[in-house]
Every structure is written in structure tokens, then in C-alpha cells.
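Enquirer: Build me a structure from this.
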Amino acid sequence: MDMKKAAEIAKKIVELDVRRDEMLEDLQTVIGKDAQEFLRFVQNGFLKKSS
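Expert: Now for the predicted structure:
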């Protein structure tokens, strides 16, 4: 196992997790208590980008 590569990947995962938390807080600021439900709605593809 390449420990250096594993540590780099783990660090990136932690950074993404922190950024996700920050973005979720931003979403909660914008739409309030329904942020989690809205996020699931978008994740499930119910909100399509119109062209």
C-alpha cells in the first residue's frame, strides 16, 4: 500500500467533507429547514437544468 498516496486521498476526502458542510449551511441559509429535503430532491434528478 502506498501510504503517501492514501494520505493524499484521505486529506482530499476530508477537505471535500468540510466544503460540503459549508455548502449545506449556505443552502440552509437560503431555503431554511427544508434544505435536506431539497438536496435529496436535486440528488434524485427531479430538478433538471433547462436549456
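Enquirer: C-alpha only now, for contacts and for neighbours.
Expert: OK.
Enquirer: okay, now Gln36: neighbour count?
Expert: For Gln36, the neighbour count with other CA atoms under 10 Å is 14.
Enquirer: Repeat that for Lys33.
Expert: Around Lys33 there are 11 residues (other CA under 10 Å).
Enquirer: Dihedrals phi and psi, it?
Expert: phi -70, psi -10 (degrees, to the nearest 10).
Enquirer: Could you check how far it is from Arg40?
Expert: Using CA to CA, to the nearest Å, Lys33 is found at 13 Å from Arg40.
Enquirer: Which of the three states applies to Leu47?
Expert: coil (DSSP: H, G, I helix; E, B strand; the rest coil).
Enquirer: Give me the phi and psi angles of it.
Expert: phi -110, psi 100.
Enquirer: separation between Glu25 and Asn44?
Expert: From Glu25 over to Asn44 (counting by CA to CA), the distance is 20 Å.
Enquirer: Among the two, which residue is more densely surrounded?
Expert: Glu25 (13 against 9).
Enquirer: which residues does the more buried one contact?
Expert: The contact partners of Glu25, by CA atoms under 8 Å, 6 or more residues apart in numbering, come to none.
Enquirer: name the element it belongs to?
Expert: helix 3-31 (DSSP states H and E).
Enquirer: per-residue confidence for the residue nearest the centre of the chain?
Expert: For the chain, Arg20 is the residue whose C-alpha lies nearest the centre (CA atoms, centre = their mean; 3.7 Å). On pLDDT, Arg20 comes in at 96.
Enquirer: got it, and the one 3 residues further on?
Expert: Reading off the confidence values, Met23 has pLDDT 96.
Enquirer: Could you count how many residues lie near it?
Expert: Under the criterion other CA under 10 Å, the count of neighbours that Met23 has is 12.
Enquirer: swap in Gln28?
Expert: Neighbour tally, Gln28, other CA under 10 Å: 15.
Enquirer: Check the gap between it and Ala10 for me.
Expert: 27 Å.
Enquirer: And stretch 24-37, how far out from the chain middle?
Expert: Its chain's average C-alpha position is 12 Å from that of stretch 24-37, according to CA atoms, centre = their mean, to the nearest Å.
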